[in-house]
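Asks: Quick one: sequence plus predicted model below, questions after.
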Amino acid sequence: MSREFYRISRLPPYVFAEVNTIKARARAEGRDVIDFGMGNPDSPTPQHIVDKLIETAKDGTAHGYSISQGIKGLRKALAAYYDRRFNVQLDPDKEVVCTIGSKEGLASLAKAITRPGDVIIVPNPSYPIHPYGFILSEAAVWYLAKDLNSPEPFDLMKELKRAVRDCNPKPSVLVLNYPCNPTTETATLEFYEEVVEFCIEHNIWIISDLAYCEIYFDGNPPPSILQTKRGREIAIEFTTLSKTYSMAGWRVGFAAGNPELVGALKKIKSYLDYGTFTPIQVAATAALNGPQDCVATTRELYKNRMEVLVEGMHTAGWMVEKPKASMFVWAPIPEKYRHLGSLEFSKMLLNEAEIAVSPGIGFGQYGDTHVRFAMIENRQRTRQAMRNLKEFMKK
Ligand SMILES: Cc1ncc(COP(=O)(O)O)c(C=O)c1O
């Protein structure tokens with residue numbers, strides 16, 4: 001009997017777990033660890049959304065299996081959101097599917113569209129499910145290396161063209177994520193137009209992950225790839241309520257766009273799940289259709305925290321770029337510690353400054369020069385962390 005399970009053996013050790021273990025130990029010893037680790041929003045979900053959940057949960061007829069593609073009202077609400085936010089008109093029956101959080105949707109889509117041996121293009125570093133959804137579906141991944149030690153800035157189009165030229169078999173899917181977790185890079189509509197035209201020419205599907213499209217700090221709302229002239233011919237886009245409405249635990253996400261990709265995702269999901277609990281879907285509908293001032297408040301909250309964090313890091317002598325969007329600061333490890341690598345440096349920050357961050361290596365080998373701060377601590381605690389950091393940097 002084999003004790004090595006094939007798919008499990010393709011997953012590397014989970015580096016975040018090591019930091020989490022040290023964090024748990026430090027807390028058990030009574031130390032006050034300030035946690036910028038996981039991108040898990042700390043704010044409660046807005047009250048009107050919670051109220052809708054409670055109201056609907058009291059209705060016994062809503063307790064059975066739900067619908068794996070999502071209730072129609074929720075799919076219509078997502079289509080209405082795309083209309084008002086991006087001026088993109090979607091057919092809620094053919095071009096929208098609800099997912100159990102976008103992470104589940106990304107993994108299920110990978111399973112639905114991958115033949116063993118297909119080549120998928122994914123930037124590195126990236127959010128882990130982007131490559132691993134496909135690796136678990138027996139694809140080969142061609143990484144677009146964001147090599148931050150390289151003297152030239154990363155140029156996705158250039159790397160994409162090189163991949164298509166050199167790769168055999170030709171790649172079938174490209175994964176994009178702007179605003180990016182972890183690097184916080186953003187994209188313009190012109191950039192999306194160029195990628196879409198190129199991918200149409202080379203028969204490459206595009207998966208766009210737009211998880212952070214409502215968390216932006218420079219007054220420029222990030223665009224959707226579906227706004228491009230021909231995006232819908234080849235692209236599917238994932239969105240989520242997790243960050244926009246602080247609903248990470250509720251597990252509500254969406255995929256929208258190309259009907260063939262949406263259809264494939266719907267079909268595989270109809271075999272795999274029965275959808276999110278109906279009262280949650282009803283409350284999610286209220287989130288999208290209801291008052292949107294809570295979204296502006298959340299955006300402002302992260303912006304304030306980002307300013308405190310970046311200012312504090314600069315005062316401590318750690319120069320980082322201000323992110324334009326996302327809930328992260330992607331920080332190059334200070335020169336004198338860079339040789340340690342991101343995991344050892346993260347452990348050092350935890351042990352010596354009581355600050356928990358995510359080591360960049362957890363997002364791929366090209367992330368090892370950085371650590372990621374998630375802005376999930378309030379301003380006072382962020383300030384406290386920056387005082388600790390200043391002491392640490394002085395040593
Ligand atoms: C880029 C990106 N995509 C997707 C997700 C997952 O979102 P969800 O809660 O909808 O599964 C995350 C969560 O951190 C993320 O950073």
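Replies: Perfect, thanks for sending it.

Asks: residues near residue 198, how many?
Replies: For residue 198, the neighbour count with other CB atoms under 10 Å is 16. The way it works is simple: take the backbone N, C-alpha and C, and place the C-beta from them, glycine included.

Asks: mind listing what's buried in the helix or strand that it is a member of?
Replies: Residue 198 is located in helix 189-201, with elements delineated by DSSP states H and E. For helix 189-201, burial by neighbour count (16 or more other CB atoms under 10 Å) applies to 191, 192, 193, 195, 196, 198, 199.

Asks: what sits against the third one?
Replies: When contacts are counted by CB atoms under 8 Å, 6 or more residues apart in numbering, residue 193 touches 228, 229.

Asks: coming back round to it: of the buried residues of helix 189-201, which is the nearest to the ligand?
Replies: Nearest to the ligand among those is residue 192, at 16.5 Å by CB to the nearest ligand atom.

Asks: was I right about that closest one contacting residue 226?
Replies: No - at 9.0 Å, residue 192 does not count as touching residue 226 under the criterion of CB atoms under 8 Å.

Asks: roughly how far apart are residue 135 and the ligand?
Replies: 17 Å (CB to the nearest ligand atom, to the nearest Å).

Asks: Please apply the same query to residue 194.
Replies: 22 Å.

Asks: Per-residue pLDDT of the closest residue to that residue other than its chain neighbours, please?
Replies: Nearest residue to residue 194 in three dimensions, chain neighbours excluded: residue 157, at 6.0 Å (CB to CB, 6 or more residues apart in numbering). Per-residue pLDDT puts residue 157 at 96.

Asks: what does the host helix or strand of residue 157 rub up against?
Replies: Residue 157 is part of helix 156-166 when elements are defined by DSSP H and E. Identification of contacts with helix 156-166 by CB under 8 Å, 6+ apart yields 121, 123, 142, 144-145, 170-171, 174, 191, 194-195, 198, 202, 204.

Asks: what pairs with the next helix or strand after that helix, and is each one parallel or antiparallel?
Replies: Counting by DSSP H and E, the next helix or strand C-terminal to helix 156-166 is strand 173-177. Paired with strand 173-177 in the same sheet, following DSSP bridges, are strand 119-124 (parallel), strand 205-209 (parallel).

Asks: quick one, the shortest one and helix 189-201 angle?
Replies: Strand 205-209 and helix 189-201 are oriented at 150 degrees to each other (axes from the mean of the first three to the mean of the last three CA atoms, to 10 degrees).

Asks: Quick check: the two most widely separated of the buried residues of helix 189-201?
Replies: Farthest-apart pair in the buried residues of helix 189-201 is 191 and 199; separation 12.5 Å (CB to CB).

Asks: Hmm, residue 259 is touching residue 94, no?
Replies: Yes - taking CB under 8 Å as the definition, residue 259 is a contact partner of residue 94 at 4.6 Å.

Asks: Who has more neighbours out of the two?
Replies: residue 259 (16 against 13).

Asks: Show me what the helix or strand harbouring residue 380 is packed up against.
Replies: In this assignment (DSSP H and E), residue 380 forms part of helix 379-394. Packing partners of helix 379-394 (3 or more CB pairs under 8 Å, 6 or more residues apart in numbering; DSSP states H and E): strand 34-35, helix 293-315, helix 341-353, strand 355-356.

Asks: Can you tell me which residues in the stretch 1-150 of the chain are near the ligand?
Replies: Applying CB under 6 Å from any ligand atom, we find that the stretch 1-150 of the chain lies next to the ligand at 39, 101, 102, 103, 127.

Asks: For these, please prepare CSV with the additional fields neighbour count.
Replies: Formatted as CSV, those follow (neighbours: other CB atoms under 10 Å):
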residue, neighbour count
39, 21
101, 22
102, 25
103, 20
127, 22
